[in-house]
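Visitor: okay, predicted coordinates and the sequence, questions at the end:
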Amino acid sequence: MTHLRGVKPPIDRDSNALTKAPAAPKQLSAYARAEWKRIMPGLIERGIITRGDLGGVEDYCRARGLVREIEDTLRPSGEIDMKLCRLQDKAMQTARQLAAEYGLSPVSRARVGSAAGGDDDDDNPMSIGRNRAHA
């Protein structure tokens, strides 16, 4: 398990954010295209995706699609194929890491929400605010 150190900066709305979801890339699998269509409206609504981010979003969708494709392969056979299981695990890990980049996990969504929440650090005794040194 990987542990990232330090406090992640909040995700802010981007001034160059896309306002309309582009079509899913044609080269994606059916599962990956479905994931694109599922997540893109929320990303557009939160205003955090720019044209430059589309490759990373595509990679996330590709990883999620691969997880589903491998599941379809493993399930009917009833046998455990360790190579496919390791590949699926790696795809899940990659998808999870990319999901965090784009606010697609509960924790990263909270980061997005906290960016819009304003300056309420004074209520949190664990926060290190700009004016804490003077308190």
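Guide: Nice, I can see it.
Visitor: go ahead and flag the most central residue of this structure.
Guide: residue 99 (1.7 Å; C-alpha atoms, centre = their mean).
Visitor: check contacts around the residue nearest to residue 16 when sequence neighbours are not counted.
Guide: The shortest distance from residue 16 to any residue that is not its chain neighbour, by C-beta to C-beta, 6 or more residues apart in numbering, is 4.8 Å, and that residue is residue 50. Any C-beta I mention is one placed from the backbone N, CA and C, and that applies to glycine too. Residue 50 makes contacts with 14, 16, 17, 18, as judged by C-beta atoms under 8 Å, 6 or more residues apart in numbering.
Visitor: residue 27 too?
Guide: The contact partners of residue 27, taken as C-beta under 8 Å, 6+ apart, number zero.
Visitor: so what touches stretch 101-109?
Guide: Contact with stretch 101-109 is made by 11, 39, 42-43, 46, 48-49, 53, 56-57, 60, 96, 98-100, 111-112, as judged by C-beta under 8 Å, 6+ apart.
Visitor: distance between the helix or strand residue 85 falls within and the chain's centre?
Guide: Residue 85 belongs to helix 82-101 when elements are defined using DSSP states H and E. Per C-alpha atoms, centre = their mean, to the nearest Å, the displacement of helix 82-101 from the mean C-alpha position of its chain is 13 Å.
Visitor: in the protein, which spans are helices?
Guide: In chain order, the chain shows helices spanning 30-46, 54-77, 82-101, 106-116, with DSSP state H as the criterion.
Visitor: picking that back up, for the contacts of residue 50, point out the one with the lowest pLDDT.
Guide: Of all the contacts of residue 50, the model is least confident about residue 14, whose pLDDT is 71.
Visitor: I figured it hits residue 52, correct?
Guide: No. Between residue 14 and residue 52 there is no contact, the gap being 9.5 Å when judged by C-beta atoms under 8 Å.
Visitor: so where's this protein uncertain?
Guide: The chain contains residues with pLDDT under 70 at 1-12, 112-135.
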